[in-house]
Structures are given as C-alpha cells and as structure tokens.
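Peer 1: Could you look at this predicted model? Sequence included:
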Amino acid sequence: MVSRAEAYGWLVAFAVVVALAVPWFLWRTSSVVYGLPVWLWWHVGWMALTAVVFYVFSERAWGVGIEAEASEP
C-alpha cells in the first residue's frame, strides 16, 4: 500500500493529465512542424506521457482509495 502523501501525489498527477489533455493554449495556432499541425504533435506526445503515467500507476499504486488496508491479526 502507498503512503497518504503518495496517494495525494497521484491525485495531483491525474489532475494535471486531465487538465492539460486539451491544448487550449494551442487553439488558433496555425503552426506546422514536419507537415503536421503543432496541436497534433501535442496530442501524440501527451498520449505517450499519459501512457507512461498510467503504466507507473498500475505497477506502483493500483487500488489506491479502493482497496481496504490489510488489518494485522
């Protein structure tokens, strides 16, 4: 089980993942990099980062806030 501080850290990490999923700051930007719009590159990079965050979460803290802590006999 993870500590309370780590659980709050995961909460912040997921809030950042959700908050920056839509690149509102790139709206109305017509910049192109390697033939594709910048906002598309943002989504590709963001999805890669999100996949890494979810992988680490599944390996480290799966069940935070759901599973009850084991009681000692």
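Peer 2: Now that the structure is in, tell me what you want to look at.
Peer 1: When you work out contacts or count neighbours from here on, use the C-alpha atoms and nothing else.
Peer 2: Will do.
Peer 1: in the protein, which spans are helices?
Peer 2: Applying DSSP state H to the chain gives helices spanning 4-19, 38-60.
Peer 1: how near is the residue nearest to the spatial centre of the chain to Val33?
Peer 2: By CA atoms, centre = their mean, the chain has its centre lying nearest to Val17, at 3.6 Å. Separation of Val17 from Val33 (CA to CA, to the nearest Å) stands at 24 Å.
Peer 1: and what of Arg4?
Peer 2: Here Arg4 is placed at a distance of 42 Å from Val33 (CA to CA).
Peer 1: and what of Val53?
Peer 2: Distance, Val53 to Val33, by CA to CA: 26 Å.
Peer 1: Which one's more surrounded, the two?
Peer 2: Neighbour count, other CA atoms under 10 Å: between Val53 and Val33, Val53 has more, with 15 against 10.
Peer 1: burial count for the nearest residue to Ala21 once chain neighbours are set aside?
Peer 2: Ranked by CA to CA, 6 or more residues apart in numbering and with sequence neighbours excluded, the top spatial neighbour of Ala21 is Trp46, at 7.0 Å. Counted with other CA under 10 Å, the neighbours of Trp46 add up to 17.
Peer 1: Also Trp39?
Peer 2: Using other CA under 10 Å, Trp39 is surrounded by 21 other residues.
Peer 1: Give me the pLDDT value at it.
Peer 2: On pLDDT, Trp39 comes in at 88.
Peer 1: Just the pLDDT for Glu69.
Peer 2: 63.
Peer 1: what pairs with Val33 across the strands?
Peer 2: Using DSSP bridges, the bridge partners assigned to Val33 are Leu36.
Peer 1: How much space separates it from Val18?
Peer 2: Distance from Val33 to Val18, by CA to CA: 25 Å.
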